[in-house]
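# When you get a sec, could you give me coordinates for this:
(one chain, ligands or ions: 2)
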Amino acid sequence: MWPDQGALDQALKQIASYPPLVFAGEARSLQAGLAQVCAGKAFLLQAGDCAESFEDFSANNIRDKLRVILQMAVVLTYSLGVPTIKVGRMAGQFAKPRSSDTEKIDNREIPSFRGHIVNDPAPTENARIPDPDRLVQAYNQSASTLNLVRAFVKGGFADLSRVHAWTQEFVGSSPEGQRYEQMATEIERALRFMRACGVDTENTATLHEADVYTSHEALLLGYEESLTRQDSLTGQWYDCSAHMLWVGERTRQLDGAHIEFLRGVGNPLGCKIGPSTSVDFVLELCQVLNPARAPGRLTLISRMGADKVETALRPLLRAVRDSGHPVVWACDPMHGNTFTSVGGRKTRHFDDIIREIAGFVNAHRLEGTWPGGIHVELTGDNVTECLGGADDLTDADLDDRYQTVCDPRLNARQGLDLAFGVAELIRSSGFA
Ligand code: TRP
Ligand code: MN
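Ligands and ions are numbered 1, 2, ... in the order given. Down below sits the predicted model:
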């Protein structure tokens with residue numbers, strides 16, 4: 001894929017000389033949180049861009065995305081009564097797998113866009129030439145994104161006494177915004193109640209800080225390898241480009257390079273599971289990626305499509321349950337529900353997204369397993385990329401603010417709406 005092998009080697013060598021982005025101990029903390037999800041005692045919220053962009057890189061963009069994630073997390077935590085493990089598709093989610101090496105634009109065949117970490121999306125032959133300098137730029141953007149996220153979540157932005165303040169203008173006036181305001185008021189009352197009972201809320205750090213972890217698809221193995229380091233405490237190898245890495249449907253061959261790489265690192269791992277996945281594959285995958293059966297090590301991210309999810313998922317849930325392998329089951333309700341709108345835009349409908357989560361939760365209810373989490377594509381901006389939701393966005397609205405560099409994302413209102421919907425589905429199924 002890279003035309004200049006020498007330049008590629010040079011870029012990777014440079015990254016290998018740079019500091020790691022995350023510390024192995026943090027990856028272990030995330031794994032401990034995910035182990036709680038395995039045990040049905042916590043919920044996983046994994047959310048962020050389909051693909052991060054070099055162009056939409058700004059403090060406001062990061063802050064707004066983090067804000068929706070925190071809002072959704074607080075809704076889930078409050079409604080489900082269990083901790084929400086917060087993982088961003090952030091600070092490294094750049095590379096995109098493509099089903100075709102080329103695409104046709106105005107009758108010209110040009111190389112596909114593979115994410116800003118590889119080439120430029122402009123529809124010209126030249127822009128699409130892979131440029132290794134982009135690997136270094138992706139590292140740098142990830143480092144400053146992560147730096148700001150850490151500053152926010154440890155520096156007071158995630159403080160539970162600020163739940164009201166997380167509401168954005170364009171969300172506040174909406175029905176889900178008002179519902180959120182109401183919940184925020186209840187949380188404030190609960191904090192006052194605890195103080196009245198003598199709990200020192202001021203000096204309880206967990207009320208003022210949160211952990212937000214990072215994750216991305218481990219697609220470009222050269223990049224991942226250049227950030228793979230030996231942990232000084234345990235001697236174990238970790239991919240220090242993010243806390244959690246996942247493998248997509250296109251690269252998850254059991255004897256393939258991606259699984260071979262991930263098998264060797266200590267991070268918590270995810271694998272996307274589509275509707276054609278067999279029971280045998282899933283069981284072997286568990287064996288290969290988690291032979292020690294460590295809870296929290298492996299998250300299976302189901303992306304079946306709303307119509308298929310219940311029937312496709314149940315045999316897999318049953319088989320994994322009976323095998324005794326501890327896994328987190330997360331629902332990606334986005335990727336199985338993509339279609340082209342009348343106007344030719346790639347989109348998803350909010351109702352299909354909710355329907356897939358409903359099927360996912362129901363499959364778990366029927367098999368007696370815990371619907372451990374959701375994995376969604378969203379942004380904090382007021383985009384118009386997915387149809388439906390409380391605003392009831394229609395085909396005609398898509399042209400207004402369709403900004404994604406890859407798949408259509410939920411906007412902040414739709415994300416918040418989804419969090420309320422998920423909590424309701426889980427509770428009404430008798431789980432919480
Ligand atoms: N520290 C706890 C947690 O992360 C509580 C908390 C603080 C929290 N800020 C939050 C929960 C923001 C959700 C969102 O769960
Ligand atoms: Mn996507």
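
# which residues does Thr369 contact?
Leu317, Arg321, Trp329 (CB atoms under 8 Å, 6 or more residues apart in numbering). In short, each C-beta sits where N, CA and C put it, glycine included.

# between these, which is closest to Arg162?
Trp329 (31.8 Å; CB to CB).

# just the helices in this structure please.
With helices called from DSSP state H, the chain shows them at 5-17, 24-38, 59-80, 133-155, 169-172, 175-196, 221-226, 257-263, 279-289, 309-323, 350-367, 412-428.

# Dump the C-alpha coordinates for the first one into CSV.
Okay, so that is helix 5-17. In CSV, the C-alpha atoms belonging to helix 5-17 read as follows (Å, rounded to 0.1, in the frame of the first residue of the first chain):
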residue,chain,number,x,y,z
GLN,A,5,9.1,1.7,1.7
GLY,A,6,12.1,3.7,2.9
ALA,A,7,9.9,6.6,4.0
LEU,A,8,7.6,4.3,5.7
ASP,A,9,10.4,2.6,7.7
GLN,A,10,11.7,6.1,8.6
ALA,A,11,8.3,7.2,10.0
LEU,A,12,7.8,4.1,12.0
LYS,A,13,11.4,4.3,13.4
GLN,A,14,10.6,7.8,14.5
ILE,A,15,7.4,6.8,16.2
ALA,A,16,9.2,3.9,17.9
SER,A,17,11.6,6.4,19.4
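
# Separate out the buried members of the contacts of Thr369.
For the contacts of Thr369, a neighbour count by 16 or more other CB atoms under 10 Å gives the buried set as Leu317, Trp329.

# In TSV, list the contacts of Thr369 along with pLDDT and distance to Glu176.
Converted to TSV, those look like this (pLDDT from 0 to 100; distance: CB to CB, whole Å):
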residue	pLDDT	distance to Glu176
Leu317	98	30
Arg321	98	34
Trp329	98	26
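
# what packs against the least confident helix or strand in the chain by mean pLDDT?
Scoring the helices and strands of the chain by mean pLDDT, DSSP states H and E places helix 169-172 at the bottom, with a mean of 78. Using 3 or more CB pairs under 8 Å, 6 or more residues apart in numbering; DSSP states H and E, the elements in contact with helix 169-172 are helix 175-196, helix 412-428.

# Let me have the ones you listed in a markdown table, extended by distance to Gly6, mean pLDDT and mean neighbour count.
Formatted as a markdown table, the helices and strands packed on helix 169-172 follow (distance: least, CB to CB, whole Å; pLDDT from 0 to 100; neighbours: other CB atoms under 10 Å):
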| stretch | distance to Gly6 | mean pLDDT | mean neighbour count |
| --- | --- | --- | --- |
| helix 175-196 | 53 | 94 | 15 |
| helix 412-428 | 43 | 96 | 23 |
